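[1] Build me a structure from this.
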Amino acid sequence: DILVDGKVCDCDVVVTCQVGDPVPLQVRLTNWSKHSVGPFALTMTPYQDYQNGVHNYELQDAITFVGSNTFHIDTVKPTKDSVYFGSLLFLYTGDFYLSIKFHEDNCSRELPLSWLCLPSVHIRATEPVA
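    Numbering: from 1, shown residues only. As a prediction, this is how the structure comes out:
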């Protein structure tokens, strides 16, 4: 489950936030298998989609994480969950996406596609209300 600013995110929903206000993020990983899983890492990567097949990941001047964008997960036991908190700070207006991926810890190799079950989160940063 993914929550942005306290609201559950759905791949069909655009979350709106204001430039300059920290946006709380929460990712909850539930292990529905019969075995413990881990270790691995959860990485959140912001990008802009130019709608022509090009994704811009060079957003260090537009978005910053408050804290880390990577969380190391030791083990998640069967039927248990693990929750990770972070925040984003948008410096400019625009439409942004957040890619959330799991990969093996201490390695950039991604886990099998069956693990990549989280759709990108669409966030629209708007001007602050006066």
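[2] Report all helices and strands that whatever helix or strand residue 15 lives in contacts.
    In this structure, residue 15 is located in strand 14-18 according to DSSP states H and E. Here strand 14-18 touches strand 121-126, going by 3 or more Cβ pairs under 8 Å, 6 or more residues apart in numbering; DSSP states H and E. To be clear about C-beta, it is placed using only N, CA and C from the backbone, and glycine gets the same treatment.
[3] now the strand it packs on against strand 14-18, angle please.
    Using axes from the mean of the first three to the mean of the last three Cα atoms, to 10 degrees, the inter-axis angle of strand 121-126 relative to strand 14-18 is 40 degrees.
[4] rewinding a little: quick one: contacts of the strand holding residue 15?
    Under the contact criterion Cβ atoms under 8 Å, 6 or more residues apart in numbering, strand 14-18 has outside partners 4-5, 7, 9, 23, 90, 95, 121-129.
[5] one more time with 6 Å, if that's ok
    4, 23, 122, 123, 124, 125, 126, 128 (Cβ atoms under 6 Å, 6 or more residues apart in numbering).
[6] quick one: secondary structure of the last one?
    When you say that, I think you mean residue 128. Following DSSP: H, G, I helix; E, B strand; the rest coil, residue 128 is assigned to coil.
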